[in-house]
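Asker: Let me see the structure of the following:
(one chain, ligands or ions: 1)
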Amino acid sequence: MFDTLADAFAAERAAGCTIGSHQPPQSAARLDAAVRAAVQAYVAAGHQDWRALAKFNDSHYVRHLVDENGDFEMILICWKQGQASRVHNHAQSHCWLNVLSGGVEELRYTTGDTPEGVEPAVAPRLPGVISASAPCPLLMPAGVGKVGPGGTAYINDTIALHAVRCDDAACEAAGEEGAVSLHVYAPPIRRVKLYEQEENRVTVRAPGFATIRGVVDADLQDLSRLSSSL
Ligand SMILES: [Fe+2]
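Answerer: Next up is the predicted model:
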């Protein structure tokens, strides 16, 4: 599936389009169709090779980098029941969230007026944290959706922010310990903003991975890093 998508992204670049959330609508629509078709074909074919990468963690949901190139990255995320991301953005990237097993819930938010007088804030002392600022903008719920096996949700920053959590009921019904989702971010996301309303701050963080192409990243085994949101 990675090679199929790599060809689709390369074709758009060859046509003169820059990959990202602001690329021309027709070009973005072609990519959207390509991603959805590739995922549906992969799921319909009953491929199970993703299970070798799909390791859960009791403390946090975990992200596994399947592969990446300059145009996009493909990430497997494992959500045990009860696990959830924080509200976050996707920089200037496309985000396709595809479910391989179980199910996830997506909670969308828009922000209120950008607060004036944004000030630096105390950043959490966690690996990957780059900075923090306050206050956190008002987060207004903008819809809840469910995604099941073979399903795809698409989002970028011009649409909304979101948080994702395991659909516990769907996993329970399917007899799964949790959900597994396959995310395509284009271009790869190097910085993510976490909207932490309870702490009244926005934290900028470099996302981390539990494994990279199937190899455990020894530098990233701090559990706090495994929870990096996207
Ligand atoms: Fe996300």
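Asker: low-confidence ranges in this protein?
Answerer: Regions of the chain meeting the criterion pLDDT under 70 cover residues 114-115, 217-230.
Asker: Okay, helices next: where are they in it?
Answerer: 2-14, 25-44, 168-174, 223-226 (DSSP state H).
Asker: Output the ones you listed in JSON lines, with mean neighbour count appended to each entry.
Answerer: C-beta: built from backbone N, CA, C; applies to glycine. Compiled in JSON lines, these are given as follows (neighbours: other Cβ atoms under 10 Å):
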{"stretch": "helix 2-14", "mean neighbour count": "15"}
{"stretch": "helix 25-44", "mean neighbour count": "16"}
{"stretch": "helix 168-174", "mean neighbour count": "16"}
{"stretch": "helix 223-226", "mean neighbour count": "17"}
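Asker: Present these as TSV; the columns should include distance to Val184.
Answerer: TSV is the format used below for the helices of the chain (distance: least, Cβ to Cβ, whole Å):
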stretch	distance to Val184
helix 2-14	7
helix 25-44	6
helix 168-174	21
helix 223-226	20
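Asker: Glu68: which of these is closest?
Answerer: Distance to Glu68, taken as Cβ to Cβ, is lowest for helix 2-14 among those, at 9.0 Å.
Asker: and the closest one with helix 25-44, angle?
Answerer: 170 degrees (axes from the mean of the first three to the mean of the last three Cα atoms, to 10 degrees).
Asker: Please name every helix or strand in contact with helix 2-14.
Answerer: In terms of contacts (3 or more Cβ pairs under 8 Å, 6 or more residues apart in numbering; DSSP states H and E), helix 2-14 is packed against helix 25-44.
Asker: Mind listing residues that contact the helix it packs on?
Answerer: Contacts of helix 25-44 with the rest of the structure, by Cβ atoms under 8 Å, 6 or more residues apart in numbering, involve 1, 4-5, 8-9, 11-12, 15, 17, 19, 94, 96, 98, 100, 149-150, 152, 154, 182, 184, 186.
Asker: hmm, back to that, go through the helices of the chain and name the closest to Ala84.
Answerer: Distances from Ala84 to each of the helices of the chain were compared by Cβ to Cβ, and the smallest falls on helix 168-174, at 10.3 Å.
Asker: Let me know which of the helices of the chain is the nearest to Leu138.
Answerer: In terms of Cβ to Cβ, the element of the helices of the chain nearest to Leu138 is helix 223-226, at 27.3 Å.
Asker: give me phi/psi at the residue lying farthest from the centre of the chain?
Answerer: For the chain, the C-alpha farthest from the mean C-alpha position belongs to Gly117; by Cα atoms, centre = their mean, that distance is 29.7 Å. Dihedral angles of Gly117 (phi, psi; degrees, to the nearest 10) stand at phi 70, psi 40.
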